[in-house]
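Q: here is a sequence together with a model predicted from it:
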Amino acid sequence: MPALVRHLLWALLALVLVVALSLVIDPFTNVRLASVGYYLLAVAGLTVLTGLTGQVSLGHGAFLFLGAYTVGLLVIHAPALPIWVDLLAAAAVSGIAGALTGAAAARLHGPYLAGATLALAVGLPAVTQRFPELLGGSNGLGFTVSSLPPGLVGVVPTTRWQAWVVWATALLALVVLANLTTGPLGRQMRAVRDDEVSAALAGVRVGRTKVLAFLISAVCGGLAGGLQAFLLGTAAPGSFTPALSLALLAAVVLGGTGSLWGALWGAVALVYLQAGAEEFAHGFDLPTDVANFLPQAVYGVVLIVVVLVLPNGVHGVLRKFSRRRKESTV
């Protein structure tokens, strides 16, 4: 079976499961389900950049910022445009920014690259303070996205429809990512990650491959940010702090570096570890200062444990277990 057909079938199966799950959960849980969807896309894009190409980025949240604000501005100033046009515009704007960032950082390695991308994550949200009339300042933009087809109004709850749109978009993008990473481009990325000199001697254009990885990763980030804005109806700089970029990179490591399947486990951890920590803080009536930092602390502890005990991430363990099970049945 061709790889494209196989990936499309997996995506269709996943979408059917998401739709079925959305039918039996409450609206609030549907929002969480949708949040896993756009985080999955963001983490998968960063997996291509860091896990497959070896470029450590601490500024991935900046591309989500660009995507969210692109959707917000288009919804406010061009409300007649359908949401899919807004999302494509978000992906395009972030992709351009990613290509420029990749071209500027192509010669940087290790901590120098990480520092440069971190500066992007710190500096870009500050632009909202420079143009408060357009970008809403520290409060950000608030808007309403009316995407529910007329025939479904009153039939399908809004949060359920939003979860369907988020997951359908994310799964379609993942099909494209899966085909890219299993093809010649994916092999070139792994060659660059393992040894740039050897890759260059083998005919791989190292600089172009790095820029393409940044471009692909940024498109995924921008699309994820656009989906977040579509879901929440807001785009605010406080949602795209450097802590988000660090959390996304941690999710890549937790799920399994270099694995698109691992991106799923990282996205689930991003949403539900934070939600569990917040519920714990609320249940025990912890002070506000403690409650605000508890989710990050819990996520950090879990990440440390995973790195020490499961160095290949959650998906690495599942893959190893599956391999052993197959060997035992032979």
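A: Cool, got the structure. Everything quoted here is computed from the prediction, not taken from an experiment.
Q: where do the strands sit along this structure?
A: Counting by DSSP state E, one finds strands in the chain at the ranges 141-142, 234-235.
Q: turn these into a markdown table, columns for distance to Thr117, mean pLDDT and mean neighbour count.
A: Glycine gets a C-beta too; all of them are placed from N, C-alpha and C. Putting the strands of the chain into a markdown table (distance: least, C-beta to C-beta, whole Å; pLDDT from 0 to 100; neighbours: other C-beta atoms under 10 Å) gives the following:
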| stretch | distance to Thr117 | mean pLDDT | mean neighbour count |
| --- | --- | --- | --- |
| strand 141-142 | 25 | 92 | 17 |
| strand 234-235 | 21 | 93 | 24 |
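Q: of all the ones you listed, which lies closest to Glu279?
A: Each of the strands of the chain was checked against Glu279 via C-beta to C-beta, and the shortest separation belongs to strand 234-235, namely 22.3 Å.
Q: so for the closest residue to Val93 other than its chain neighbours, what's the pLDDT?
A: Excluding the flanking residues, the one nearest Val93 by C-beta to C-beta, 6 or more residues apart in numbering is Thr70, at 4.8 Å. If you check Thr70, the pLDDT there is 96.
Q: what's the longest helix seen in the chain packed up against?
A: Longest among the helix segments of the chain by residue count, using DSSP state H, is helix 206-232. Contact analysis of helix 206-232 by 3 or more C-beta pairs under 8 Å, 6 or more residues apart in numbering; DSSP states H and E lists helix 27-46, helix 61-77, helix 83-105, helix 158-181, helix 184-194, helix 196-201 as its packing neighbours.
Q: pull the residues that contact the last one.
A: Applying C-beta atoms under 8 Å, 6 or more residues apart in numbering, the contact partners of helix 196-201 are 188, 191-192, 206, 209.
Q: using PDB, list the CA coordinates for that helix.
A: Presented in PDB, the C-alpha positions along helix 196-201 are these (Å, rounded to 0.1, in the frame of the first residue of the first chain):
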ATOM      1  CA  GLU A 196      26.500  17.800   8.600                       C
ATOM      2  CA  VAL A 197      29.900  17.200   7.000                       C
ATOM      3  CA  SER A 198      29.100  13.700   5.900                       C
ATOM      4  CA  ALA A 199      25.700  14.900   4.600                       C
ATOM      5  CA  ALA A 200      27.300  17.600   2.500                       C
ATOM      6  CA  LEU A 201      29.800  15.100   1.100                       C
END
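Q: just the buried residues of that helix, please?
A: Going by neighbour count (16 or more other C-beta atoms under 10 Å), the buried part of helix 196-201 is 196, 199.
Q: equivalent analysis for the longest one, please.
A: The neighbour-count check on helix 158-181 (16+ other C-beta under 10 Å) flags 159-171, 173-175, 177-181 as buried.
Q: which strands or helices does it pack on?
A: If you count contacts as 3+ C-beta pairs under 8 Å, 6+ apart, helix 158-181 packs onto helix 3-22, helix 27-46, helix 206-232, helix 260-283.
Q: please repeat the previous calculation with a cut-off of 6 Å.
A: Helices and strands in packing contact with helix 158-181 are listed as helix 3-22, helix 27-46; criterion 3 or more C-beta pairs under 6 Å, 6 or more residues apart in numbering; DSSP states H and E.
Q: hmm, back to that, out of the strands of the chain, which comes closest to Leu8?
A: Judged by C-beta to C-beta, the one of the strands of the chain that comes nearest to Leu8 is strand 234-235, at 31.6 Å.
Q: tell me the strands beside that closest one, with direction?
A: For strand 234-235, sheet partners with direction are given as strand 141-142 (antiparallel), following DSSP bridges.
Q: so what touches the strand it pairs with?
A: Surrounding strand 141-142, the residues in contact under the criterion C-beta atoms under 6 Å, 6 or more residues apart in numbering are 72, 234-235.
Q: again, only using 10 Å
A: 68-69, 71-73, 75-76, 128, 134-136, 229, 232-236 (C-beta atoms under 10 Å, 6 or more residues apart in numbering).
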